[in-house]
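**Q** return a 3D structure for these sequence lines:
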Amino acid sequence: MTTPQATPSTPSIRRRLACWLYEGVLLFGVLFAVQGVAALLDGAIHQTVTPRLSLSQGLGQHVVLFLVLGYYFTWQWTRTGQTLPMRTWHVRVVNPDGSPLTWSRAIVRYVFCWIWFLPPLAAVQNIHLSGTEVSVVVLGWVAVWAVLARFQPDTQFWHDVWAGTRLISAAPSNTDIKP
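**A** The predicted model follows:
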């Protein structure tokens, strides 16, 4: 006779937001490096091809950053279910049945994760606000989005519900602890 496995608990909203903040700090460095490489490539492209194609400005910059971030997240989520900040905070993303994410599910989750930023950025698109004011709008939306998780029975974020994923508490494994 098999014993039913206990459903892993959902990490607290505070722990998930701490993980989210750490992810932002880490990604700042990643995006800075990507921008540096794009600027170097732009220099080479402008000398050989055309000055109209730019990877470090405008739409080209946004597409490159979106694709780099998308690959980073989907690769981590399908490989181990965790990014480095998720490992640090013992959080893992899984399917509702606890299985690892497939590439298609990870891509859907990545697209839905943009709900953290796109609504407030779209709202202030044509309003002339200072950087501080835009930050207040974005952080206000983040707070609202996080609070909305309280209305889910399992307190999952809505983008996880829509993507068919869930965040669970992940106990540290022996491979996480290095002497």
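
**Q** low pLDDT regions in the protein?
**A** In the predicted model, the chain carries pLDDT under 70 at residues 1-6, 38, 41-58, 173-179.

**Q** need the helices for it, in chain order.
**A** Assigned by DSSP state H, the chain shows helices spanning 13-48, 58-79, 84-88, 103-113, 118-123, 131-148, 158-163.

**Q** which stretch among those comes nearest residue 7?
**A** When those are ranked by distance to residue 7, counting by C-beta to C-beta, first place goes to helix 158-163 at 15.0 Å. From N, CA and C alone the C-beta is placed, and that goes for glycine too.

**Q** output the helices of the chain in TSV, with mean neighbour count appended to each entry.
**A** TSV is the format used below for the helices of the chain (neighbours: other C-beta atoms under 10 Å):
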stretch	mean neighbour count
helix 13-48	14
helix 58-79	15
helix 84-88	18
helix 103-113	17
helix 118-123	13
helix 131-148	13
helix 158-163	18
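
**Q** so which of these is nearest residue 169?
**A** Of all these, it is helix 13-48 that lies closest to residue 169, at 8.2 Å by C-beta to C-beta.

**Q** what packs against the closest one?
**A** Under the contact criterion of 3 or more C-beta pairs under 8 Å, 6 or more residues apart in numbering; DSSP states H and E, the helices and strands touching helix 13-48 comprise helix 58-79, helix 84-88, strand 91-94, helix 131-148.
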